[in-house]
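A.B. asks: Compute the structure for the input listed below.
(one chain, ligands or ions: 2)
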Amino acid sequence: MADPAVIRVFDTTLRDGEQSPGATMTTEEKLQVADQLVRLNVDIIEAGFPIASPGDIAAVKEIARHVHGRAVAGLARAATRDIDAAWEGVREAERPMIHVFLATSDIHLKHKFNISREEAAQRVKAMVGYARNLCPEVEFSAEDATRSDWDYLCRICETALKAGATTINLPDTVGYSTPTEYGDMFRYIRNRVPGIEEVTLSAHCHNDLGMATANTLAAVAAGVRQVEVTINGLGERAGNTAMEEVVMALRTRPESFSGMLTNIAAEEFVKASQLVSRLTGIPVQPNKAVVGANAFSHEAGIHQDGMLKNRLTYEIMTPQSVGWGDTKLVLGKHSGRHGLDARLRQLGYRLNAAELKTAYARFIVLADEKKHATDEDLISIAESCKDLA
Ligand code: KIV
Ligand code: ZN
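C.D. replies: Ligands and ions are numbered 1, 2, ... in the order given. Below is the predicted model of the structure:
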């Protein structure tokens, strides 16, 4: 029985993340990412969409054979061909999982499939049942759940549950929801679907309005026990929920989530981020939370001064806790005398008050011209000020 205080982390970097334009990875590269996901200690690795291509099924098979100690999932539309391919991909895993999805919003039912709600419900029943006959763990996702009618969603959840789904995922496929609404949707389902507590409820968000992390956390607060995430928030369009953001939010603000935690080894985040960025060629924005190059850098004088007195002034988590070396005090035109003095001391220069005053005046002139002063710049300023006073 899973620990009810632990949130299961379902990583979909290799599936939804890889659907990001230009993010295609070879099997060898996917194996490297899978190894890093194991080091991160994720619970489930969604390895790919086996029906998509011969390369995809081959990669899913390799990952299924290679990975130990966690579930490996393969995605399938609600169709027997897809489910057979997904099963073929994951069957050799220690813990295989088939992930079946079907859209439930009227927009999708009408324009994508031209089928009725009734027909979709029948399809869910048949295909979840079909997958469950093959595989002990089956996740059902109601694609575009957040634009679906909530009462119909209740019916779909009940159908999937009765057909044997072990996890039910309600994705915000187009990143349309808001935190309050997404949390309320899960509360609605939990209050109305008989037996829903027997399955794991899961959140899966996209970042089209920049709310993927907030929505995922709202779902956790509403009782969801699985989060679907990617490294760096890689994914279709504006991306998926970033694993590092959700994990660190739970860790940094336990009081807001009744102490819910994950089993993730957070000190592996920076390595994971850099690996995925290198393999996909998609850079990480410098101001990206947790793993961006500036996430633990301070340039402003007031901040540097505070940091030099006590790190708690401007740091809510330590850089080491997510795999960075140390905080960076970047010297630029917003930096103050304290920051300059601290860096010069690290470089071996202890200037007296008068020397420091002159050095700082020279530094500010330079910093106005250059974005950042290098250590060589600082050394040359320090040398020029020694014995001046
Ligand atoms: O965003 C989505 O709806 C998906 C499903 C396939 C789970 O990625
Ligand atoms: Zn998705």
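A.B. asks: which bits of this protein sit near ligand 1?
C.D. replies: D16, F101, S141, E143, N169, P171, T173, H204, H206 (Cβ under 6 Å from any ligand atom). Just so you know, the C-beta spots here come from the backbone N, C-alpha and C atoms, and that holds for glycine as well.
A.B. asks: Those residues in strands, which ones?
C.D. replies: When the residues of the chain next to ligand 1 are checked against strands (DSSP state E), the matches are F101, S141, E143, N169, P171, H204.
A.B. asks: Disregarding residues adjacent in the polypeptide, which is nearest to the third one?
C.D. replies: Setting aside the residues directly before and after it, E143 is nearest to A103 in space (Cβ to Cβ, 6 or more residues apart in numbering), at 4.0 Å.
A.B. asks: residues contacting K357?
C.D. replies: K357 makes contacts with R337, as judged by Cβ atoms under 8 Å, 6 or more residues apart in numbering.
A.B. asks: cool, and R91?
C.D. replies: A64, L134, C135.
A.B. asks: ok, so of those residues, who is nearest ligand 1?
C.D. replies: Ranked by distance to ligand 1 (Cβ to the nearest ligand atom), the contacts of R91 are led by C135 at 16.8 Å.
A.B. asks: Which residue is the nearest non-sequential neighbour of that closest one?
C.D. replies: Counting by Cβ to Cβ, 6+ apart, the residue nearest C135 is I98, at 4.6 Å.
A.B. asks: low-confidence ranges in the stretch 51-200 of the chain?
C.D. replies: The stretch 51-200 of the chain contains no residues with pLDDT under 70.
A.B. asks: quick one: L14 from ligand 1, how far?
C.D. replies: Going from L14 to ligand 1 by Cβ to the nearest ligand atom, to the nearest Å gives 13 Å.
A.B. asks: So what's the residue count around that residue?
C.D. replies: If you count neighbours by other Cβ atoms under 10 Å, L14 ends up with 30.
A.B. asks: can you check the one 3 residues further on too?
C.D. replies: Applying other Cβ under 10 Å, we find 26 other residues in the vicinity of G17.
A.B. asks: quick one: contacts for it?
C.D. replies: A23, T230, I231, L234, G235, N240, V276, T280.
A.B. asks: Switch these over to TSV; also include pLDDT and neighbour count.
C.D. replies: Converted to TSV, the contacts of G17 look like this (pLDDT from 0 to 100; neighbours: other Cβ atoms under 10 Å):
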residue	pLDDT	neighbour count
A23	94	20
T230	98	26
I231	98	29
L234	98	26
G235	97	27
N240	98	32
V276	98	26
T280	97	21
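A.B. asks: Now for these: which two are most distant?
C.D. replies: N240 and T280 (13.4 Å; Cβ to Cβ).
A.B. asks: Now for the two: what residues contact both?
C.D. replies: G17, L234.
A.B. asks: hang on, the earlier thing: from the contacts of G17, which ones fall inside helices?
C.D. replies: Taking DSSP state H as the definition of helices, the contacts of G17 contribute V276, T280.
A.B. asks: wait, isn't the residue nearest to C135 in contact with G74?
C.D. replies: Yes: between I98 and G74 there is a contact at 6.3 Å, judged by Cβ atoms under 8 Å.
A.B. asks: so what sits against both of the two?
C.D. replies: A86, W87, V90.
A.B. asks: Between these, which sits nearest ligand 1?
C.D. replies: Distances from ligand 1 to the shared contacts of I98 and G74, taken by Cβ to the nearest ligand atom, are shortest for A86, at 11.9 Å.
A.B. asks: what about that closest one, how many neighbours?
C.D. replies: 31.
A.B. asks: pretty sure it is touching L75, no?
C.D. replies: Yes: contact criterion Cβ under 8 Å: A86 and L75 qualify, at 6.5 Å.
A.B. asks: what is in contact with these two at once?
C.D. replies: P50, H99.
A.B. asks: Just the residues contacting stretch 157-168, thanks.
C.D. replies: Contacts of stretch 157-168 (Cβ under 8 Å, 6+ apart): 100, 121, 124-126, 128-129, 131-132, 136-142, 170, 189, 193-196, 198-202, 226.
A.B. asks: Sort out which of those residues are buried, if you could.
C.D. replies: Among these, the ones that count as buried by 16 or more other Cβ atoms under 10 Å are 100, 121, 124-125, 128-129, 131-132, 137-142, 170, 189, 193, 196, 199-202, 226.
A.B. asks: Could you report the pLDDT at A2?
C.D. replies: On the pLDDT scale, A2 is placed at 65.
A.B. asks: Strands of this protein, residue ranges please.
C.D. replies: Under DSSP E, the chain gives strands at 8-11, 44-48, 71-77, 95-103, 138-143, 167-172, 200-205, 226-229, 297-298, 328-329.
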